[in-house]
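S.K.: just coords:
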């Protein structure tokens, strides 16, 4: 079953006899993708019964402006490989891929990006970095040393959330494929196949039902390139400063932000959280500026 479509300002013209909306509507009348709650619940119930390949095929025929967002973890690599097989014909459209280069990835991760480009040359890869910087040194010069420790929410915004939102806007993204799975633990334990975030972005988790073992087996059986760090005990790989190897029996993502309460990097948190944070920071800056003005005035009067 496809997505439901509703016009923004202008109702599409209708064929009186057929009762169906015309497919020749002007671009200005093209609708957004929209799911009612009952429809979303129904889709999740149905897609839950399907394997990842079938879910991906449904996405390809149902969701316009579909992209894959990935840091090239194992699950994202499986998704990428499955899509390459579904769209194996030379003239078949490919799903564009978005990668957020935080400037703090392991070198092994950046090496993997190059391997993926060679393995899947037809895939269009969009790389987004923190705004106005190109290197870790430039990031540090602009935002301070070890920002991920001093102000972690600000780091998440600058390195991940803002670049992601900029990518969604510039690429006109309506739906994304993610690599999240229930077996990763934490807040991901009750993932649906399809989610809609607080900004209306549709997020599809095609491998939500798979275990880490199933993902590993697919990678091995299909000779998919993967991050060398996985052979050194890492199961979930993010920035070098917040990623450690995982011990036997631990959740996959237990090596991320070890010792901290957080379990997500920011791009899968509600966007309203960061809007509130930025508002609080602006109010704090305004208060500090006002205090400085008053102190200066008192000094002059004295």
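M.R.: Noted; the coordinates are in hand. As the structure is a prediction and not an experimental result, all values here were calculated from the model.
S.K.: tell me, how many residues neighbour residue 203?
M.R.: Residues near residue 203, counting by other Cβ atoms under 10 Å, number 19. For every residue, glycine as well, the C-beta is placed using N, CA and C.
S.K.: so it bridges to which residues?
M.R.: residue 176, residue 195 (DSSP bridges).
S.K.: where along the stretch 151-300 of the chain do the helices fall?
M.R.: Per DSSP state H, counting those that start in this stretch, the stretch 151-300 of the chain carries helices over the ranges 152-156, 162-171, 212-221, 271-301.
S.K.: of the ones you listed, which shows the lowest average pLDDT?
M.R.: Ranked by mean pLDDT, the helices of the stretch 151-300 of the chain bottom out at helix 271-301, with a mean of 65.
S.K.: which ones are touching residue 140?
M.R.: By Cβ atoms under 8 Å, 6 or more residues apart in numbering, the contact list for residue 140 reads residue 147.
S.K.: so it is in which element?
M.R.: helix 136-143 (DSSP states H and E).
S.K.: show me the strands in this protein, by range?
M.R.: For the chain, the strands defined by DSSP state E cover 4-6, 32-34, 66-69, 96-100, 125-128, 175-177, 194-196, 202-204.
S.K.: can I get these in a markdown table including distance to residue 250 and mean pLDDT?
M.R.: Output for these, formatted as a markdown table (distance: least, Cβ to Cβ, whole Å; pLDDT from 0 to 100):
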| stretch | distance to residue 250 | mean pLDDT |
| --- | --- | --- |
| strand 4-6 | 42 | 39 |
| strand 32-34 | 38 | 77 |
| strand 66-69 | 26 | 97 |
| strand 96-100 | 25 | 97 |
| strand 125-128 | 31 | 98 |
| strand 175-177 | 27 | 97 |
| strand 194-196 | 26 | 94 |
| strand 202-204 | 26 | 95 |
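S.K.: just name the most buried of these.
M.R.: strand 175-177 (a mean of 24; mean count of other Cβ atoms under 10 Å).
S.K.: for residue 215, see how far away the closest residue to residue 96 other than its chain neighbours is.
M.R.: Counting by Cβ to Cβ, 6 or more residues apart in numbering, residue 124 is the residue found nearest to residue 96 once chain neighbours are left out, at 4.5 Å. Counting by Cβ to Cβ, to the nearest Å, the separation of residue 124 from residue 215 is 24 Å.
S.K.: between these two, tell me which one has more neighbours.
M.R.: Taking neighbours as other Cβ under 10 Å, residue 124 and residue 215 compare with residue 215 leading, 26 against 11.
S.K.: wait, what's in contact with the closest residue to that one other than its chain neighbours?
M.R.: Spatial nearest neighbour of residue 215, excluding adjacent residues (Cβ to Cβ, 6+ apart): residue 74 at 4.8 Å. Contacts for residue 74 (Cβ under 8 Å, 6+ apart) come out as 179, 212, 215, 216, 219, 226, 227, 230.
S.K.: please report how far residue 83 lies from residue 32.
M.R.: On the measure of Cβ to Cβ, residue 83 and residue 32 end up 24 Å apart.
S.K.: sketch out the low-pLDDT regions of the chain for me.
M.R.: Scanning the chain for pLDDT under 70 picks out the ranges 1-31, 185-186, 188, 253, 255, 257-290, 293, 301-302.
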